[in-house]
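Visitor: Just a sequence and a predicted model for now, questions to come.
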Amino acid sequence: MKRLTPQLIAIGGFAGAGKSTLARSLGRHLQTPVFEIDQIAKSIQNSATFKGSAQDAYGVAFDLFFDFAVMHLRNGGSLIFDQNLGHERTWQNLEKLRAELADTADIKIFILECPYEVCLERFAARTEHPNIDDVTLADLADHKFKWDYLNENELPQAIRIDATSSSSEVFDQVRSHLE
């Protein structure tokens, strides 16, 4: 059954928290497209015409996603956004979307909470992910500021989910908030 109100479901959390697993499960369950910012950035970076750095590719990916999201939601489509959400810029863009689409779309933001050490263990055990060959545990330590941002800021717009539970329990918790 198609939703009457388009919905953006943003899923954030540190690497290893289970964002992509949850996003894909929700996408299948809700029959809603999933946009993984890592995959979008990797596609841009691998484009024959793109001449920037990996960081530049992420900037382009964010801009493209948010522009696309506005158009897609205005046209009545729902979507799921998989990104760590550990940046002020991302929250500013989400708030801009919320304000711009207040009468048009329902925006739900979930943060998967997981202790830093557990995220690192899960990250190290991963066998598939768009940037699995590009990011190491040492690189991840350079990104701890994202984990800190999510855990040190109140972010009242977000629904916090205990991601130390099994993926099916996390899925059920999120689904209950969406119903």
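Guide: Right, received. Where do you want to start? Residues are numbered from 1 along each chain as shown.

Visitor: Please make it C-alpha for all contacts and neighbour counts, starting now.
Guide: Noted.

Visitor: Do you have the strands of this structure handy? List them.
Guide: Ranges of strands in the chain, per DSSP state E, are 7-13, 34-36, 79-82, 106-113, 158-162.

Visitor: Take these and lay them out in a markdown table including mean pLDDT, mean neighbour count and distance to residue 43.
Guide: Below are these laid out as a markdown table (pLDDT from 0 to 100; neighbours: other Cα atoms under 10 Å; distance: least, Cα to Cα, whole Å):
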| stretch | mean pLDDT | mean neighbour count | distance to residue 43 |
| --- | --- | --- | --- |
| strand 7-13 | 95 | 24 | 20 |
| strand 34-36 | 93 | 21 | 11 |
| strand 79-82 | 94 | 23 | 15 |
| strand 106-113 | 95 | 21 | 25 |
| strand 158-162 | 96 | 16 | 28 |
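
Visitor: Same list (these) but as a markdown table, adding distance to residue 96.
Guide: As requested, these are exported to a markdown table (distance: least, Cα to Cα, whole Å):
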| stretch | distance to residue 96 |
| --- | --- |
| strand 7-13 | 13 |
| strand 34-36 | 18 |
| strand 79-82 | 15 |
| strand 106-113 | 11 |
| strand 158-162 | 15 |
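
Visitor: To residue 61, which of those lies closest?
Guide: Nearest of the strands of the chain to residue 61, taken as Cα to Cα: strand 34-36 at 9.7 Å.

Visitor: Could you tell me how far that closest one lies from the centre of the chain?
Guide: With Cα atoms, centre = their mean, to the nearest Å as the basis, strand 34-36 stands 7 Å off its chain's centre.

Visitor: And the contacts of it?
Guide: Contact with strand 34-36 is made by 20, 23-24, 27, 65, 79-83, as judged by Cα atoms under 8 Å, 6 or more residues apart in numbering.

Visitor: For the longest helix seen in the chain, which residues meet the burial criterion?
Guide: Longest helix in the chain by number of residues, with DSSP state H as the criterion: helix 54-74. Across helix 54-74, burial judged by 16 or more other Cα atoms under 10 Å covers 57-58, 60-62, 65-66, 69-70, 73-74.

Visitor: can I assume residue 164 is in contact with residue 114?
Guide: Yes - between residue 164 and residue 114 there is a contact under Cα atoms under 8 Å: 5.8 Å.

Visitor: okay, and the common contacts of the two?
Guide: By Cα under 8 Å, 6+ apart, the residues touching both residue 164 and residue 114 are residue 17.

Visitor: which residues in the protein form helices?
Guide: Going by DSSP H, the chain shows helices at 19-30, 37-46, 54-74, 88-100, 116-125, 137-141, 144-152, 167-178.

Visitor: May I see the ones you listed arranged in CSV, with mean pLDDT and distance to residue 10 as well?
Guide: Shown next, in CSV, are the helices of the chain (pLDDT from 0 to 100; distance: least, Cα to Cα, whole Å):
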stretch, mean pLDDT, distance to residue 10
helix 19-30, 95, 9
helix 37-46, 88, 11
helix 54-74, 90, 11
helix 88-100, 91, 9
helix 116-125, 86, 19
helix 137-141, 67, 22
helix 144-152, 91, 14
helix 167-178, 96, 11
